[in-house]
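K.L.:
Need a 3D model of the sequence below.
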Amino acid sequence: MSKTIKKIAVLTSGGDSPGMNAAIRSVVRTCAFHGIDCIGIYRGYQGMIEGDFKEMGPRTVNNIINKGGTILKSARSKDFLTVEGRQKAHKHLMDAEISALVVIGGDGSFTGAQVFNKEFNFPVMGIPGTIDNDIYGTSHTLGYDTALNTVIECIDKIRDTASSHNRLFFVEVMGRDAGHIALNAGIGAGAEEILIPEEDLGLDRLLESLQKSKASGKSSSIVVVAEGDKMGKNVFELKDYIEEHLPEYDIRVSVLGHMQRGGSPSCFDRVLASRLGVKAVESLIEGKSNFMVGILKDEVTLTPLEQAIKGHYPIDMELLRVSDIMST
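P.N.:
Numbers count the residues shown, from 1 in each chain. Next up, the predicted model:
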């Protein structure tokens, strides 16, 4: 065991996601396994600036693996964007004799960790927690699988009423910059069309597709829309446009919103969080720093934080092709 790592702190930052609590649990218990003290930092970087710390042990994380959200809370921190704020945060870590930091969050959280590492040469390790699945260096982020299952369950219920009333439903899902949720959930739920920010379907093609669906005998349709879709219209403007050109459709809109972030994490997310937490702590013990732990081809891997932040995974074109075939 590294002589320099005696106490590790863990925080959650940015938007919450199912699996964060399971990752906190994993970090705390891995520290205990290796005889290292663990400190929980409340409210992300803002809590680090204010010294909102609490000692954590194996029993303090009992019965949280099944809970959504984060017991350490999360908050945006404008103060951490300043040198003065980061200096205060570093002083609190030094005063508490903390040797390293595990950050659970997305690219914004990782950017903060990278800057902090550069300024103070402070060991940091990132665990990707975001439902959008938009972090480079991992095939799955914590919460993505759970969010997909939540969306699927909601669309299945929406389809029941769509079929009963011969309606067209636009279902908006999260994904401002990435359409992974919309594409995968759309295929899984049998959506007639999927609108994502990576691809510009075009209004004319959408109209043509819906007309074909109507002509082929479909009495109801589901269109899944990522909130960052490239058509330049929000989901309600899209509804108005389709109603204007296809008045025969009875159209409804359902915005799933933050329910996608909540709920008990899936088994996949619980296991993933447990694996990533172990790797994060043990990598710090080995003297590694400024990496993100992730999973690629079912192997837990390390990606430099800079690559995780700046890298980009293109949308799976094969999934787009499958979606087109399934909407026939």
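
K.L.:
tell me which residues of the helix or strand of the chain with the lowest mean pLDDT are tucked away?
P.N.:
Lowest by mean pLDDT, DSSP states H and E among the helices and strands of the chain is helix 203-215, with a mean of 77. In terms of neighbour count (16 or more other CB atoms under 10 Å), helix 203-215 has its buried residues at 206, 209-210, 213. For every residue, glycine as well, the C-beta is placed using N, CA and C.

K.L.:
Between which two of the residues you listed is the distance greatest?
P.N.:
By the measure CB to CB, these have their two most distant members at L206 and S213, which lie 10.7 Å apart.

K.L.:
now the helices for this protein?
P.N.:
Assigned helices in the chain, in chain order: 20-33, 44-50, 83-95, 107-120, 144-165, 180-189, 203-215, 235-245, 267-285, 305-310, 317-326 (criterion: DSSP state H).

K.L.:
Identify the spatial nearest neighbour of the spatially most central residue of the chain, chain neighbours not counted.
P.N.:
The chain has T130 as the residue nearest its centroid, 1.6 Å off, counting by CA atoms, centre = their mean. Sequence neighbours aside, G106 is the residue nearest to T130 in space, at 3.9 Å (criterion: CB to CB, 6 or more residues apart in numbering).

K.L.:
Could you list which residues are in contact with the one you found?
P.N.:
When contacts are counted by CB atoms under 8 Å, 6 or more residues apart in numbering, G106 touches 14-15, 128-130, 132, 134-135, 141.

K.L.:
out of these, which one sits closest to L238?
P.N.:
D132 (20.9 Å).

K.L.:
Quick check: that closest one vs I187, distance?
P.N.:
Distance from D132 to I187, counting by CB to CB, to the nearest Å: 17 Å.

K.L.:
ok, now A308?
P.N.:
Taking CB to CB as the criterion, A308 is separated from I187 by 26 Å.

K.L.:
on that earlier part again, using a markdown table, lay out the buried residues of helix 203-215 together with distance to P314.
P.N.:
As requested, the buried residues of helix 203-215 are arranged in a markdown table below (distance: CB to CB, whole Å):
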| residue | distance to P314 |
| --- | --- |
| L206 | 22 |
| S209 | 23 |
| L210 | 27 |
| S213 | 28 |
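
K.L.:
ok, back up a step: A308 and I187 - which one has more neighbours?
P.N.:
Neighbours per residue (other CB atoms under 10 Å) separate A308 from I187, with A308 holding more: 24 against 19.

K.L.:
Test my guess that the more buried one contacts G137.
P.N.:
Yes. A308 is within contact range of G137, at 4.6 Å (criterion: CB atoms under 8 Å).

K.L.:
hey, what's in contact with both of the two?
P.N.:
Taking CB under 8 Å, 6+ apart as the contact criterion, the residues that touch both A308 and G137 are 128, 292, 294.

K.L.:
neighbour-wise, which of those leads?
P.N.:
Counting neighbours by other CB under 10 Å, P128 leads the shared contacts of A308 and G137 with 33 neighbours.

K.L.:
per-residue confidence for that one?
P.N.:
Reported pLDDT at P128 in the predicted model: 97.

K.L.:
Pretty sure it sits against T141.
P.N.:
Yes. Counting by CB under 8 Å, a contact exists between P128 and T141, whose distance comes to 4.1 Å.

K.L.:
Need the overlap of contacts for the two.
P.N.:
Common neighbours of P128 and T141, counting by CB under 8 Å, 6+ apart, are 106, 135.

K.L.:
need the contact list for K214.
P.N.:
Contact criterion CB under 8 Å, 6+ apart gives 246, 248-249 as the residues in contact with K214.

K.L.:
Just the buried subset of these, written out for ChimeraX, thanks.
P.N.:
Listed next is the ChimeraX selection for buried residues among those, using 16+ other CB under 10 Å:
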select :249
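
K.L.:
Could I get the contacts of K214 in CSV, plus columns for pLDDT and distance to M259?
P.N.:
Shown next, in CSV, are the contacts of K214 (pLDDT from 0 to 100; distance: CB to CB, whole Å):
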residue, pLDDT, distance to M259
L246, 83, 29
E248, 80, 31
Y249, 81, 26
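
K.L.:
Pick the one among the contacts of K214 closest to E172.
P.N.:
Checking the contacts of K214 one by one against E172 (CB to CB), the nearest turns out to be Y249, at 17.2 Å.

K.L.:
how near is the closest one to N166?
P.N.:
Distance from Y249 to N166, by CB to CB: 9 Å.

K.L.:
again, but for I152
P.N.:
Distance from I152 to N166, counting by CB to CB: 22 Å.

K.L.:
So for the two, which sits in the more crowded spot?
P.N.:
Comparing I152 with N166 by neighbour count (other CB under 10 Å), the higher total belongs to I152, at 17 against 13.

K.L.:
Nothing else from me, thank you.
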